[in-house]
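Novice: Here's a sequence, model it:
(one chain, ligands or ions: 2)
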Amino acid sequence: MRVLVAGGDGFCGWPTALYLSVRGHEVFIADNMSRRGWDEELGTNSLTRISTLEDRVARWKELTGREIGVAAGDLTDERYVYETIDRWRPEALVHFAEQRAAPYSMIDRSHAVFTQVNNVVGTLNVIFAIGEVVPDCHLIKLGTMGEYGTPNIDIEEGYIEIEHNGRKDTLPYPKQPGSFYHLSKVHDSHNIMFGCKVWGIRATDLNQGVVYNVETEETASDPVLTNRYDYDGIFGTALNRFIAQAASGSEITVYGEGGQTRGFIDIRDTVRCIELAANNPAERGEFRVFNQFTEQWSVLQLARLVEKVARALDLDPKLVHLDNPRVEQEAHYYKAANTRLMDLGLKPHLLDEETVERLLLTAMENRDHIHPETFAPRVDWRRPHYNK
Ligand code: NAD
Ligand code: USQ
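Specialist: Ligands and ions are numbered 1, 2, ... in the order given. The predicted structure follows:
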């Protein structure tokens, strides 16, 4: 299959490109390297040492003989999107290419506007170009479990049957996102669903949970292929961040009570989920939603797990409860469905002490590359700022 991976230089996109390439798909990457630019803007970095995309694909070719095409460009540039899609005529387009950090989108007005323009306009360009140039192409779009928020009822996969005043309908599941970033994903979902309805495009919206771990078999096969590992207060996510904190002798920062419960997924399962979606495409006109996570954890449970494994490695972890910089429920009901990808054949890698230990060892090996001053949360949800 010809697969275009938009955002193929990123944390999820790079391992996905390799995973699909090694399985015989013809892979192309579209990325504008903006994620590397945001590190420069904020003084953050990847815990692992990552090579340029040019070096990554050259090394991959040396090692495997497989070519990965690259077209650098910005999805908000409609001409670039149309030309790239027309040139490569993908059968599947995996769309990772968005600004994905909730804290980044809450820094101030300009970061919120940037996030929504970048994400929503990029996705609109993609659906217009698919609809016009390659109408049979399957759009596999990365959404987020955070589109649903934390309702006091079970979360379904995209849709819910509702009975109202004696009548029934199956409707999009209510959305209660918790940041301007998460809101951008809700806007995307609505736009894609509409594109499916009016133009008959086929789309799978993968509502992914928080991704943890770092390497896949392919990215671990050579140092030049190493994947990105975010750990700072803006881009770092719960488990990977706690591991970097424990490995560097910093405090493990639980926000508030820590009862916040989310869906989590190992990066090795992310890449497999994309392949499963690609191999089993949505029908023409279908807007399909899969919840892409494998298990639920509360933030406090994760922090305690890291604390325990770190102790066994003779580290001296300190778990602290910080005033929550976010506006979110810290104790709540959470039960989300996630059977559709399992039905297609996903065999999850569930989180265990061994994985935590391996990640701690990776973080300890790269300790000199950790900047502890970037751990502290520095974005406050509670006050709007014009410009920070
Ligand atoms: P990432 O920031 O590491 O990668 C995103 C890539 O997209 C980057 O390489 C960036 O340069 C590129 N990009 C951003 N805007 C672009 C644009 N306008 N044009 C071209 N390229 C652009 O993020 P990630 O962690 O790999 O996440 C990938 C996707 O998965 C995102 O859509 C994110 O919302 C979603 N997701 C991620 C997680 C997670 O925990 N990492 C969880 C759920 C969903
Ligand atoms: N949290 C802490 N301490 C920390 C960091 C986070 O307690 O040091 C808490 C947060 O308050 C939140 C939870 O952990 O309750 C998750 O936060 P996170 O930063 O790990 O993840 P989040 O902001 O939700 O975003 C990440 C990705 C995003 C993706 C989302 C999936 O950055 O791209 O969409 O996970 S989900 O959470 O399902 O919406």
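Novice: And for the spatially closest residue to K308 that is not a sequence neighbour, the neighbour number?
Specialist: Computed as C-beta to C-beta, 6 or more residues apart in numbering, the closest residue to K308 that is not its neighbour in sequence is E353, at 7.5 Å. Where you see a C-beta, it was placed from the backbone N, CA and C, and this is true even at glycine. Neighbour count for E353, taken as other C-beta atoms under 10 Å: 12.
Novice: thought E353 was touching L305?
Specialist: Yes - between E353 and L305 there is a contact under C-beta atoms under 8 Å: 7.3 Å.
Novice: mind checking the SS state of the closest residue to ligand 2 within the chain?
Specialist: Going by C-beta to the nearest ligand atom, ligand 2 is nearest to G146 of the chain, at 2.3 Å. The three-state assignment at G146 reads helix, by DSSP: H, G, I helix; E, B strand; the rest coil.
Novice: How much space separates it from ligand 1?
Specialist: Distance of G146 to ligand 1, computed by C-beta to the nearest ligand atom, to the nearest Å: 8 Å.
Novice: where exactly do the strands run in the chain?
Specialist: With DSSP state E as the criterion, the chain has strands at 2-6, 26-31, 68-72, 92-95, 138-144, 159-164, 167-172, 202-208, 210-212, 251-255, 261-266, 287-292, 295-298, 318-322.
Novice: Can you list the helices and strands that the shortest one packs against?
Specialist: Other elements packing on strand 210-212 under the criterion 3 or more C-beta pairs under 8 Å, 6 or more residues apart in numbering; DSSP states H and E are helix 238-247, strand 261-266, helix 267-279.
Novice: Make JSON lines from these and add distance to ligand 1 to it.
Specialist: Below are the helices and strands packed on strand 210-212 laid out as JSON lines (distance: least, C-beta to the nearest ligand atom, whole Å):
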{"stretch": "helix 238-247", "distance to ligand 1": "9"}
{"stretch": "strand 261-266", "distance to ligand 1": "8"}
{"stretch": "helix 267-279", "distance to ligand 1": "8"}
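Novice: List the contacts of the residue lying farthest from the centre of the chain.
Specialist: Within the chain, the residue lying farthest from the chain centre (C-alpha atoms, centre = their mean) is G166, at 39.5 Å. By C-beta atoms under 8 Å, 6 or more residues apart in numbering, G166 lies in contact with nothing.
Novice: and E365, how many neighbours?
Specialist: E365: 12 neighbours (other C-beta under 10 Å).
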